[in-house]
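>>> generate a structure from the sequence data that follows.
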Amino acid sequence: MLSSDLLQQLAINIKQWGKELGFAHVGICDTDLSDEEPKLQEWLDKGYHGEMHYMANHGMMRARPHELQPGCLRVISVRMDYLPPEAGFATNLKDPNLGYISRYAGGRDYHKMMRNRIKKLGDKIAEHLQELGEELPEYRPFVDSAPVLERPLADKAGIGWTGKHSLILSRNAGSWFFLGELLINLPLPVDSPVENECGKCVACIKSCPTNAIVEPYVVDGRRCISYLTIEHQGSIPEEFRPLMGNRIYGCDDCQLVCPVNSESQLTQEWDFHIRDAIKLPKLVNLFLWTEDEFLSRMQGSAIRRIGHSLWLRNIAIALGNAPYSSEIVKVLEAKSNAEDVNEMVQEHIDWALEQQSNKRENEFSLDRKTVRIIKTVEKGLPRDR
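Numbering: from 1, shown residues only. Okay, the predicted model is just below:
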């Protein structure tokens, strides 16, 4: 059995090794999430997980890391910052002809990259203990790859506090970071949670376009634009379509208004910089991508996982929400009933064409009204002599 002094030094080493591997923060906690179980169950009972059936598939194992990894005593939680330079938050959202893509998805898909680095952290721990002649530990890395409540674990490990939008917030990183875990069977000393600094602020709740944050710390996934554009596989309810604006993959609104995010650090990882294909992307150009072009240009991106059909569905809604444009109508009609368009996508194209038609009619109505007003005014003016 490892001595307390050795475990204390090992915890210090782990945090240093983590930073050398590119993690901005490393924290350690035990596996007791019993306080989270009733919250999770209530969230599931209310159906807030929508089509994310994996959230309910493993019962309460999601809140019991020691059941997921037998013998696990500690969770090493890691944070990797992803905020890229030239993120273009305001520019993309303010221009309805551009597609808005959540900042986490602008660069390379983080899952494999982070998991490989977390595994290297575990290997480094094992190598160190082997050099000391100690028994090798059992460990397992996770990055969204198993039923783990990563946010409560990160909260408990002192990575940050849980914001009212349910994301983890850090005083020096905001919420622009990924989380990962290493489950290990060593009784390492644990870190203390940090104080919740949200106070009375409700900016995130008020800013949600679809009112998905139904109460502080509770998100109805079925209303969330990130869920609708990424997880939801079928037709998007019409009530949400106008509210989605030009958000074609994810939504950052609750993070953009958060005052803590004003102090966020830019990522040091080149892989998370926004790829050229989706920098200030025009909706009409994105909509014209063939499936082969989509797969090629999104190679290595998290966006690729939703597939071409959902990509077209999301962009069709954004085109419908854009101001009237003959170019938009042209590309929608050109894509209508094309070989790469299924029934579900066609429904959204038809909806978008209807929105464009209505806007065109409104423009004509306004033009006619303006002409009538001008003529009326002119009749009342004295003639030139």
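>>> what's near enough to touch the residue nearest to Thr267 when sequence neighbours are not counted?
Nearest residue to Thr267, sequence neighbours excluded (Cβ to Cβ, 6 or more residues apart in numbering): Asp81, at 4.7 Å. From N, CA and C alone the C-beta is placed, and that goes for glycine too. With contacts defined as Cβ atoms under 8 Å, 6 or more residues apart in numbering, Asp81 is in contact with Ala24, Ala173, Trp176, Phe177, Ser264, Gln265, Leu266, Thr267, Gln268, Glu269.
>>> pLDDT weak spots in the stretch 51-200 of the chain?
Applying pLDDT under 70 to the stretch 51-200 of the chain picks out residues 87-91.
>>> which parts of it are strands?
Secondary structure of the stretch 51-200 of the chain (DSSP state E, counting those that start in this stretch): strands located at 74-81, 100-101, 139-142, 161-162, 168-169, 177-184.
>>> a markdown table for these, including distance to Tyr110?
Shown next, in a markdown table, are the strands of the stretch 51-200 of the chain (distance: least, Cβ to Cβ, whole Å):
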| stretch | distance to Tyr110 |
| --- | --- |
| strand 74-81 | 7 |
| strand 100-101 | 15 |
| strand 139-142 | 13 |
| strand 161-162 | 21 |
| strand 168-169 | 15 |
| strand 177-184 | 5 |
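>>> between those strands, which gets nearest to Ser325?
strand 100-101 (17.7 Å; Cβ to Cβ).
>>> tell me which other helices or strands that closest one touches.
Applying 3 or more Cβ pairs under 8 Å, 6 or more residues apart in numbering; DSSP states H and E, one finds that strand 100-101 contacts helix 89-94, strand 247-249.
>>> can you tell me what sits against that strand?
Against strand 100-101 from outside (Cβ under 8 Å, 6+ apart): 92-93, 245-252, 278, 281, 303.
>>> again, only this time at 10 Å
88-89, 91-94, 225, 229, 244-253, 274, 278-279, 281, 283, 286, 301-303, 314, 318 (Cβ atoms under 10 Å, 6 or more residues apart in numbering).
>>> and the contacts of Asp81, which of them are buried?
Ala24, Ala173, Trp176, Phe177, Ser264, Thr267, Glu269 (16 or more other Cβ atoms under 10 Å).
>>> before we move on, the earlier item: weed out the non-buried ones from the contacts of strand 100-101.
Buried members of these, scored by 16+ other Cβ under 10 Å, are 88, 92-93, 225, 229, 244-253, 274, 278-279, 281, 283, 286, 301-303, 314, 318.
>>> so how many other residues sit close to Asp109?
For Asp109, the neighbour count with other Cβ atoms under 10 Å is 18.
>>> then Met1?
Using other Cβ under 10 Å, Met1 has 8 other residues around it.
>>> cool, Lys200 as well?
4.
>>> quick one: it from Val345, how far?
44 Å (Cβ to Cβ, to the nearest Å).
>>> before we move on, what about His66?
44 Å.
>>> Ser166 too?
31 Å.
>>> so which of the two has more stuff around it?
When neighbours are counted by other Cβ under 10 Å, Ser166 and Val345 differ, and Val345 comes out ahead with 23 against 18.
>>> check which helix or strand covers that one.
Taking DSSP states H and E as the definition, one finds Val345 inside helix 343-379.
>>> what about the contacts of Asp81, which are in helices?
Per DSSP state H, helices hold no members of the contacts of Asp81.
>>> now those as TSV including distance to Val214?
Putting the contacts of Asp81 into TSV (distance: Cβ to Cβ, whole Å) gives the following:
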residue	distance to Val214
Ala24	31
Ala173	26
Trp176	24
Phe177	25
Ser264	26
Gln265	31
Leu266	33
Thr267	31
Gln268	36
Glu269	34
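>>> between these, which is closest to Lys335?
The nearest one, if we look at the contacts of Asp81 relative to Lys335 and count by Cβ to Cβ, is Trp176, at 34.0 Å.
>>> does Glu138 touch Leu186 like I think?
Yes: with contact defined as Cβ atoms under 10 Å, Glu138 reaches Leu186; the gap is 9.0 Å.
>>> so what sits against both of these two?
Taking Cβ under 10 Å, 6+ apart as the contact rule, Glu138 and Leu186 both touch Cys72, Leu73.
>>> what's the burial count for the nearest residue to Arg360 once chain neighbours are set aside?
Computed as Cβ to Cβ, 6+ apart, the closest residue to Arg360 that is not its neighbour in sequence is Tyr324, at 4.8 Å. Number of residues near Tyr324 (other Cβ under 10 Å) recorded here: 16.
>>> what of Lys124?
16.
>>> so what's the closest residue to Tyr110 other than its chain neighbours bridging to?
Residue nearest to Tyr110 in three dimensions, not counting chain neighbours: Phe178, with 5.0 Å by Cβ to Cβ, 6+ apart. Judged by DSSP bridges, the bridge partners of Phe178 are Met80.
>>> noted, bye for now.
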